[in-house]
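K.L.:
quick one: sequence and predicted model below, then my questions.
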Amino acid sequence: MLLPSKPAPSFDRSFLIELSGGNAYRQAEKLFESHLVESAEWESPVLKGLVNASDGIYTPELNLRSTVFAENTCTCADGRKRKVCVHAIATALHYEAIRNEAAHNQVAGEFSAKDSEP
């Protein structure tokens, strides 16, 4: 029996710091702000991404089946040790930005539709 797909959690600052620690979060912010995350996709319960950093291309897969015991794989050294790495956190930041932009565009579209009504 297939379970229904769970929506992605809210990837807010406190959740991501809890997953990775403050230092990793700050490094991930720099990757995200430098637009080095090329993709982020939620396939419940896994967040997958592609980060094209100056030192290589990384493909984190953050399994959040349990947020208490999150599992991460990535092509970086920390990811190979199953640690939640900066690439996974940068991917989460990118995913959250995409989700927020989509919600904003939906609301903006609703307002513009109301403005055009006679």
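P.N.:
All right, it came through fine.
K.L.:
now the most centrally placed residue in the chain: which helix or strand?
P.N.:
Centroid-nearest residue in the chain: residue 92, 1.5 Å away (criterion: C-alpha atoms, centre = their mean). For residue 92, the host element (DSSP states H and E) is helix 86-115.
K.L.:
returning to that earlier point: not counting sequence-adjacent ones, nearest residue to the residue nearest to the centre of the chain?
P.N.:
Using C-beta to C-beta, 6 or more residues apart in numbering and skipping residues adjacent in sequence, the residue nearest residue 92 is residue 11, 4.1 Å away. (Each C-beta comes from the backbone N, C-alpha and C, glycine too.)
K.L.:
for residue 40, see how far away that neighbour is.
P.N.:
Using C-beta to C-beta, to the nearest Å, we find residue 11 at a distance of 10 Å from residue 40.
K.L.:
and the helix or strand of the chain with the lowest mean pLDDT, what's buried?
P.N.:
Ranked by mean pLDDT, DSSP states H and E, the weakest helix or strand in the chain is helix 86-115, scoring a mean of 82. Across helix 86-115, burial judged by 16 or more other C-beta atoms under 10 Å covers 86-96, 99.
K.L.:
closest to residue 15 out of those residues?
P.N.:
Of all these, residue 15 sits closest to residue 92, with 8.5 Å by C-beta to C-beta.
K.L.:
OK, contacts around that closest one?
P.N.:
For residue 92, the contact set (C-beta atoms under 8 Å, 6 or more residues apart in numbering) comprises 11, 16, 28, 40, 47, 62.
K.L.:
rerun that using 7 Å as the cut-off
P.N.:
Counting by C-beta atoms under 7 Å, 6 or more residues apart in numbering, residue 92 touches 11, 16, 47, 62.
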